[in-house]
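# let's see this in three dimensions:
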Amino acid sequence: MKRFFISLLLLISSFSLVFAETVETFITPGVVTWTCPIGVTSVKIECWGAGACGAGQYGYTGGIGGGGGAYSRINSYIVSSGAGYTLTIGVTGSPGGDTSFKNGVTTVCLAKGGNYSVGGAAASCTGDVKYSGGSGGSTGMYSSGSGGGSSAGTESNGNDGLPSYNMSYNPGAGGSAPVGGAAGGSGGSRNGGQGNPPPSFGGGGGGGAYPGGAGSPATNGYGQIILTYTITATAVPCVPIILQLE
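Residues are numbered from 1 along each chain as shown. Okay, the predicted model is just below:
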């Protein structure tokens, strides 16, 4: 009787598995450690500084709007899988806090927070791409509050808040949001209205109205960090398998 032998050799060479792009957003103010996932070798880092609160009514004028936070970006930063990196999210205030990504004591990316009437300056930021936040609007005698500046966008400076003119009952509007940025808060209405906070991250707050209006509360204009990366995993070569049929 003849015997038939069939041998099957299965050999899988090493190969890479590339997963979908991952985007992580951090908006809670304060300090947090980001642990680089296994399989990540580089990351795009985007930072927005916090917006400043608007000023309260002073003397016979309305309050001036707060400046918006700046934007800074590192297009590609080499990271180590499993390593920890320090993220600081700026807190809204007078001035607004800076937002940064650090590797140990080295500041990799930093976006300045806004200040009273002026936006965070690109010249004070660290990154490959940098834009300034919008300025708060000026104000006039016996007027409503002025608008806060918007945060910087991903491709442009922020927009300035609108002023409130002498004897004006119309509060100044916050600076409009640029692409990738956030709008500023509007000013308070006449007869003591409080300035309004920005709708989201990075915008400056509106100023308070005459008489007695307070500046915007320290809410919503916190800084922000967005990390974008791709996970790549390499498969281990398989042991050859031989099947014999007789």
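# C-alpha from now on. contacts and neighbour counts both.
Fine.
# now for whichever strand or helix holds E46, which elements pack on it?
Remark: E46 resides in strand 42-48, with elements defined by DSSP states H and E. Where contact means 3 or more Cα pairs under 8 Å, 6 or more residues apart in numbering; DSSP states H and E, strand 42-48 is packed against strand 71-78, strand 99-103, strand 106-111, strand 224-234.
# mean neighbour count, distance to C47 and mean pLDDT added to those strands, as TSV?
Compiled in TSV, those are given as follows (neighbours: other Cα atoms under 10 Å; distance: least, Cα to Cα, whole Å; pLDDT from 0 to 100):
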stretch	mean neighbour count	distance to C47	mean pLDDT
strand 71-78	21	5	98
strand 99-103	23	6	98
strand 106-111	22	6	98
strand 224-234	18	5	89
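# wait, which of the ones you listed is closest to L87?
strand 99-103 (4.7 Å; Cα to Cα).
# ok, and what's touching that closest one?
Under the criterion Cα atoms under 8 Å, 6 or more residues apart in numbering, residues 45, 47-50, 84-90, 107-113, 223-225 lie in contact with strand 99-103.
# let me see the contact set for G56.
Counted by Cα under 8 Å, 6+ apart, G56 has contacts 62-64, 194-195, 207-209, 212-216.
# before we move on, what SS does it have?
coil (DSSP: H, G, I helix; E, B strand; the rest coil).
# next one: it, what pLDDT does it get?
According to the prediction, G56 has pLDDT 95.
# the one 4 residues further on now?
The pLDDT attached to Y60 in the predicted structure is 92.
# what do you get for G147?
pLDDT, read off for G147, is 98.
# my guess is it contacts S176, does it?
No: taking contacts as Cα atoms under 8 Å, G147 lies outside contact range of S176: 10.1 Å.
# overlap in contacts, these two.
With Cα under 8 Å, 6+ apart, G147 and S176 have common neighbours 161, 184.
# higher neighbour count, those two?
Applying other Cα atoms under 10 Å to G147 and S176 shows that G147 carries more neighbours, namely 43 against 22.
# could you check how far that one is from V105?
37 Å (Cα to Cα, to the nearest Å).
# do Q224 as well
Applying Cα to Cα to Q224 and V105 gives a distance of 20 Å.
# Provide the backbone phi and psi angles at S124.
Backbone geometry at S124, expressed as degrees, to the nearest 10, gives phi -100, psi 10.
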